[in-house]
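S.K.: build me a model from this:
(one chain, ligands or ions: 1)
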Amino acid sequence: MLDFDREYIWHPYTSITNPLPVYAVESALGCRIRLQDGTELIDGMSSWWAVIHGYNHPVLTRALQEQAVKLSHVMFGGLTHEPAIDLARLLVDLTPEGLNRVFFCDSGSVAVEVAMKMALQYQQALGRPGKNRFLTIRSGYHGDTFHAMSVCDPVTGMHHIFSGTLPEYFFADRPEIGFHDPWDEDDISSFESLIEKNYQRLAAVILEPIVQGAGGMRFYHPEYLRRVRSLCDRYDVLLIADEIATGFGRSGRLFACEHAAISPDIICLGKALTAGYMTLAAVLATEEVGRGISGGEPGVFMHGPTFMANPLACRVAIESIGLLLASDWHKTVADLERRLADGLSPCKEMKHVRDVRTLGAIGVVELEHPVVMERIQAAFVRRGVWVRPFGRLVYLMPPYCIDEADVTQLTSALVDVVAEEGTK
Ligand SMILES: Cc1ncc(COP(=O)(O)O)c(C=O)c1O
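M.R.: Next comes the predicted model:
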């Protein structure tokens, strides 16, 4: 079986002729991933931010089964259904104030494309076609499709591979002041001067609020985000918040924008939206953006994917949000933050570790040098945990339902493996 996989299947960011090893999964339940050879791994990744309630949650699995026998899918052009309506109602209620026009799409990257298209169509509709560029911050990550790539960090992203094809946008210096550090005005100066100089060409600013995920696993100061919001207002530029990774409690707030008490003009949601059951994303815009687009040429928003608002995904999303809201998730995530911080603290003493940081249910150990993926992956599996580092970053973001003993096993394994890395 693995031979076929190795011979024929592309995995994320791997070579087809010289792929890294993969581990075959037989099943997964709660916080455990069971491999084909019977090995059980404690999940430290939530399958890239998504699986917040653990695998095969009985409520979600039942909802999926019930929905499947009723309506698995139907085109969204000219038709609608209860799962989409109920989910949209929930999202309008829960997301920051003013976001009340909902567009469902397939994945995080597509949501970013949709949000950027909304901003462009809005500016065009208002008779400002010259406002067709984007401003973002370095160390960001927004996905792998073309416009999403164009606003990923220009160094760690894929700009050098696709230069000449990717549109070129504006990049402010990344925020340096950490979430818990004292605010310093200098931090916003690069962003401020770029928006001031270029606002007549800018459709929107796009960024990940508070947590920069795959671009560096960094947590920045809420004042930075507040200042971005007020500068966007001052210069009449839309603000797109990419909450695909941070949405649904991961940073300690339901949405990371809440740390700064701001509302964006457009928000992108995905990943944990369906608790990792299947792919679905949502883009919510303000009334102003929705009406603006609809008031210009061609008078409609030009996007409509085949699997838009898939009823199975919408139903699971409704149930997942229900589970989250019915739980004491604030406390759960705060407890996880404390346990991750305590558990990872021995790494602070290690010479080859640059930084250890935690926010919400995210714990990060940043090394001085990149890890050797094949070696470190095997070391984690040997210790019975699933942790997938990238570059210099070894990090944990477990499902919220993980118990204390499993968190301890995750953090101890991470400390051991990082210590071992220091001897290589
Ligand atoms: C902040 C952010 N935006 C967008 C994406 C892209 O989402 P997807 O992988 O579902 O296309 C990701 C995925 O990691 C992300 O973290």
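S.K.: all strands of the stretch 101-250 of the chain, in order?
M.R.: For the stretch 101-250 of the chain, the strands defined by DSSP state E, counting those that start in this stretch occupy 133-137, 170-172, 202-207, 211-212, 218-219, 238-242.
S.K.: packing partners of the helix or strand where residue 416 lies?
M.R.: Counting by DSSP states H and E, the element that carries residue 416 is helix 404-421. Here helix 404-421 touches strand 40-43, helix 329-344, strand 362-367, helix 373-382, strand 385-386, strand 393-396, going by 3 or more Cβ pairs under 8 Å, 6 or more residues apart in numbering; DSSP states H and E. Quick note: C-beta positions are derived from backbone N, CA and C, even for glycine.
S.K.: save these as TSV, and put in mean pLDDT too.
M.R.: Shown next, in TSV, are the helices and strands packed on helix 404-421 (pLDDT from 0 to 100):
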stretch	mean pLDDT
strand 40-43	98
helix 329-344	98
strand 362-367	98
helix 373-382	96
strand 385-386	98
strand 393-396	98
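S.K.: how far does stretch 388-408 sit from its chain's centre?
M.R.: 16 Å (Cα atoms, centre = their mean, to the nearest Å).
S.K.: mind listing what's buried along that stretch?
M.R.: Across stretch 388-408, burial judged by 16 or more other Cβ atoms under 10 Å covers 389, 392-402, 406-407.
S.K.: residues touching residue 312, list them.
M.R.: Neighbouring residues of residue 312 by Cβ atoms under 8 Å, 6 or more residues apart in numbering: 64, 67-68, 72-73, 278.
S.K.: try 6 Å
M.R.: 64, 67, 72 (Cβ atoms under 6 Å, 6 or more residues apart in numbering).
S.K.: I'd assumed residue 318 was in contact with the first one.
M.R.: Yep, that's residue 64 we're talking about. No: checked against Cβ atoms under 6 Å, the pair residue 64 and residue 318 is beyond contact range at 11.3 Å.
S.K.: thinking again about what came up before, from the buried residues of stretch 388-408, pick the one nearest the ligand.
M.R.: Of all the buried residues of stretch 388-408, the one sitting nearest the ligand is residue 397; the distance, using Cβ to the nearest ligand atom, is 11.0 Å.
S.K.: list the contacts of the closest one.
M.R.: 46, 361-362.
S.K.: near the ligand, which of these show up?
M.R.: For the ligand, no contacts are drawn from the contacts of residue 397 by Cβ under 6 Å from any ligand atom.
S.K.: which residue does the protein bring closest to the ligand?
M.R.: Closest residue of the chain to the ligand, Cβ to the nearest ligand atom: residue 108 (2.1 Å).
S.K.: hang on, the earlier thing: can I get the contacts of residue 312 in a markdown table with distance to residue 196?
M.R.: Rendered in a markdown table, the data for the contacts of residue 312 read as follows (distance: Cβ to Cβ, whole Å):
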| residue | distance to residue 196 |
| --- | --- |
| 64 | 50 |
| 67 | 50 |
| 72 | 51 |
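S.K.: how about the residues of the chain that lie near the ligand?
M.R.: 48, 107-109, 112, 141-143, 208, 213-214, 242, 244-245, 270.
S.K.: out of those, which sit inside helices?
M.R.: The members of the residues of the chain next to the ligand that map onto helices under DSSP state H are 48, 108-109, 112.
S.K.: which two from those residues end up farthest apart in space?
M.R.: For those, the farthest-apart pair by Cβ to Cβ is 48 and 112; their separation is 15.4 Å.
S.K.: of the two, which one has the most company?
M.R.: A count of neighbours by other Cβ atoms under 10 Å puts residue 112 above the other of residue 48 and residue 112, at 29 against 16.
S.K.: what's near enough to touch the nearest residue to the more buried one once chain neighbours are set aside?
M.R.: Ranked by Cβ to Cβ, 6 or more residues apart in numbering and with sequence neighbours excluded, the top spatial neighbour of residue 112 is residue 148, at 4.2 Å. Contact partners of residue 148, counting by Cβ under 6 Å, 6+ apart, are 109, 112, 142.
S.K.: residue 148 and residue 141, how far apart?
M.R.: 9 Å (Cβ to Cβ, to the nearest Å).
S.K.: swap in residue 424?
M.R.: In terms of Cβ to Cβ, residue 424 sits 28 Å off from residue 141.
S.K.: residue 4 now?
M.R.: Relative to residue 141, and taking Cβ to Cβ, residue 4 is found at 31 Å.
S.K.: and residue 152, by the same measure?
M.R.: For residue 152, the distance to residue 141 (Cβ to Cβ) stands at 5 Å.
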